[in-house]
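Asker: could you look at this predicted model? Sequence included:
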Amino acid sequence: KSLGSDLPSIPADANQLQQVVINLLVNAADAFEAADREIFLGTDLKRVDGRQEVEIKVADNGVGIPEKNLGRLFEPFFTTKENKGTGLGLAVCWGIVNEHGGTIGVESRVGSGTTVTVRLPLDPRHRALAADVQDHHAESVLAFTRAFISLRRASDSASRNLRPGRRRSPIRPSPTSIRS
C-alpha cells in the first residue's frame with residue numbers, strides 16, 4: 001500500500017469510485033494460483049498533458065492476462081474467469097471512470113501479473129472534454145453502465161424495504177431522484 005497523504009479532493013461520486021476500487025481489488029485477488037499473493041494499492045498526484053490528475057493503481061503478481069484479451073477487457077460480458085465472473089465488473093469500472101472524465105488502463109504480462117491504472121482529473125471541466133471524444137463503443141458501454149447502476153440502486157432500495165422486521169412500504173422515488 002502506498003497512499004498519497006496530501007492528495008486534494010476531486011469532484012467525484014465517492015460511492016462509484018469505491019465500487020471501482022473494490023472491483024479492481026477483487027479482480028486482483030482472483031488472479032492467483034499460488035499462495036505467494038501480493039496486491040499493491042497506490043494513489044498519487046500526477047501531471048499529465050499539463051493537467052493534474054489523481055492516480056489510483058492496483059497491481060498484483062498473479063497469472064497475468066494474455067495479450068489477445070487485453071483489448072476486450074472493458075467489453076460488457078467478456079470475462080477470463082471461468083465459471084466465476086460475469087464480465088460486467090471492468091465494463092462498469094470503465095463507464096464510471098469515463099463519466100468522471102478519467103482514464104483506465106491495463107498493463108499485464110502472463111506469469112508476472114497485472115497493473116490497472118485509473119487517472120481522474122482534478123478539474124471538473126475535463127469531464128466535458130472526455131464526453132466530447134466518446135466513440136460509439138464508449139456510448140454503448142456508458143449506456144449499459146448507467147442502466148446497471150440504476151438497476152443496482154433500485155435493487156438495493158427494494159431489499160432495504162423487504163428486510164424482516166421492517167414494515168413493507170411501496171417504493172416511491174424521492175422528488176430529487178426524478179430527472180426529466
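Answerer: Structure's in. What do you need? Numbers count the residues shown, from 1 in each chain.

Asker: now stretch 83-102: buried residues?
Answerer: Within stretch 83-102, the residues that count as buried by 16 or more other CB atoms under 10 Å are 85, 88-102. Just so you know, the C-beta spots here come from the backbone N, C-alpha and C atoms, and that holds for glycine as well.

Asker: just stretch 32-46 next, same as before
Answerer: For stretch 32-46, by 16+ other CB under 10 Å, it's 32, 39, 43.

Asker: cool, and stretch 19-34?
Answerer: 19-21, 23-24, 27-28, 31-32.

Asker: which one of these sits closest to Pro76?
Answerer: Nearest to Pro76 among these: Asn23, at 13.7 Å, using CB to CB.

Asker: now the element after the strand or helix carrying Asn27, going C-ward?
Answerer: Assigned by DSSP states H and E, Asn27 belongs to helix 14-29. Downstream of helix 14-29, the next assigned helix or strand under DSSP H and E is strand 39-48.

Asker: may I ask which helix or strand of this structure has the lowest mean pLDDT?
Answerer: Using mean pLDDT, DSSP states H and E, helix 125-132 stands out as the lowest-scoring helix or strand of the chain, at a mean of 53.

Asker: wait, doesn't Pro8 sit right on Asp123?
Answerer: No: taking contacts as CB atoms under 8 Å, Pro8 lies outside contact range of Asp123: 10.8 Å.

Asker: of those two, who's got more company?
Answerer: Using other CB atoms under 10 Å, the more surrounded residue of Pro8 and Asp123 is Asp123, with 13 against 9.

Asker: pretty sure the more buried one sits against Gly50.
Answerer: No: between Asp123 and Gly50 there is no contact under CB under 8 Å: 10.7 Å.

Asker: max pairwise distance over the buried residues of stretch 83-102: which two?
Answerer: Using CB to CB, the pair of the buried residues of stretch 83-102 lying farthest apart is Gly85 and Gly101, separated by 27.2 Å.

Asker: all the strands of this protein, in order from the start?
Answerer: Shown for the chain, the strands assigned by DSSP state E span residues 39-48, 51-60, 103-109, 113-121.
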